[in-house]
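next input, structure requested:
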Amino acid sequence: MTDFTLREATPADVETIIRHRSEMFIEMGFAPDKVHPHEEATRLWVREHMATGEFRTFFAIAPNGDIAAGAGLNLSSFMPGPISPAPVRGYIYNVYTEHAYRRRGLATLLVQHCLDICSAQGVTLVALHASTDGRPVYERLGFAATNEMRIELKA
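Below is the predicted model:
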């Protein structure tokens, strides 16, 4: 893994971010016809939030220059409370490793990088949604399941 470097995504990388996100959802069992219709709205969201600095993506770059893996970090305003006194929380999105580069610790490297950024900025609470395959990676880094609940409302 030491031969991989990290770099931050630029607006020129938006299509890779979208592809990683779509492939991640498909591998988690979502039907492609449920994933692909959201790509344009996601593309717009990524561009807007990258421009403000609220959303950043980091890539693990292989020695040959390939983007081997990526992870996104969203820092957003959140009401302070006893769980987290900080007014900003982190959310990690789109942790995805290309098939040829799996099982090399790249997801761990990228998520730890996101956690380091959060820590340096005083962010004390970071969340993510874990796939079945990703759960052990996140648990090794200290993530734990919580009692958060959700509801999906009809638009």
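
any low-confidence regions in this protein?
Along the chain, segments meeting pLDDT under 70 span 1-2.

for the residue positioned nearest the centre of the chain, what are its contacts?
Most central in the chain under CA atoms, centre = their mean is Y93, positioned 2.3 Å from the mean C-alpha point. For Y93, the contact set (CB atoms under 8 Å, 6 or more residues apart in numbering) comprises R21, F55, A71, G72, L73, N74, L128. Bear in mind the C-beta positions are built from the backbone N, C-alpha and C, glycine included.

pretty sure the fourth one sits against T57.
Yes: here G72 reaches T57: they are 4.4 Å apart, a contact under CB atoms under 8 Å.

related to what we said a few turns ago, next step: the contacts of Y93 restricted to strands.
Those of the contacts of Y93 mapping onto strands are F55, A71, G72, L73, N74, per DSSP state E.

excluding covalently adjacent residues, which one is nearest to R140?
Leaving aside its chain neighbours, R140 sits nearest to T108 (7.0 Å; criterion: CB to CB, 6 or more residues apart in numbering).

ugh, wrong one, I meant A130
Leaving out its chain neighbours, the residue that sits closest to A130 by CB to CB, 6+ apart is Y138, at 5.2 Å.
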